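[1] Give me a 3D structure for the following:
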Amino acid sequence: MLQDLDQVAARVGQVVQLSRRLMAERESISARLRTTETERDNYREQFQAREDEFKSITQRLDNHEQEVSEIRAQARQENVLLKTELEAAQKEIAQLKADLSKARTELSGLQEGARKARERVEHVLANLPGGVVKGAE
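    Below you'll find the predicted structure:
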């Protein structure tokens, strides 16, 4: 019977040791669980911060794209206006060139007419009695 009690006492000792090991493991697992939960919370915060940053960047990108679209539309309008002005200026230049050519032609005709008139006057003056000499004009 004493032997049975020793065996029971030994068994109780083993159960107590096992119970203490299990409690220590439980404490270790609880500590790891708390650490893991803390890490999870940190990761959630980082994820939320990145998500907020992504939304901010996306919003800024949308704003920039809208600005670019507006600038392009304005540039197209200005391009159309400038093309219209260019065409008008080119027409005006062509008209001015035509007018210049016409004026040059008229000037050439007038110069030729003046030259002929001068020659006639010189001829008439040369044929007058007491004729005027060339260069005494």
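
[2] so what's residue 10 scoring on pLDDT?
    For residue 10, the pLDDT comes out at 89.

[3] Revised request: answer the last question for residue 127.
    Looking at residue 127, its pLDDT is 86.

[4] same question, residue 2
    Looking at residue 2, its pLDDT stands at 80.

[5] Go ahead and list the helix or strand containing the residue most central in space within the chain.
    Nearest to the mean C-alpha position of the chain, by C-alpha atoms, centre = their mean, lies residue 68 at 6.2 Å. Using DSSP states H and E, residue 68 maps to helix 2-127.

[6] how distant is that helix from the center of its chain?
    Relative to the centre of its chain, helix 2-127 is centred 6 Å away, using C-alpha atoms, centre = their mean, to the nearest Å.

[7] any idea how far residue 74 is from the residue nearest to the centre of the chain?
    11 Å (C-beta to C-beta, to the nearest Å). No exception for glycine: its C-beta is placed from N, CA and C like everyone else's.

[8] Name the residues contacting each of those two.
    Residues touching both residue 68 and residue 74 (C-beta atoms under 8 Å, 6 or more residues apart in numbering): none.

[9] any low-confidence regions in this structure?
    The chain contains residues with pLDDT under 70 at 131-137.
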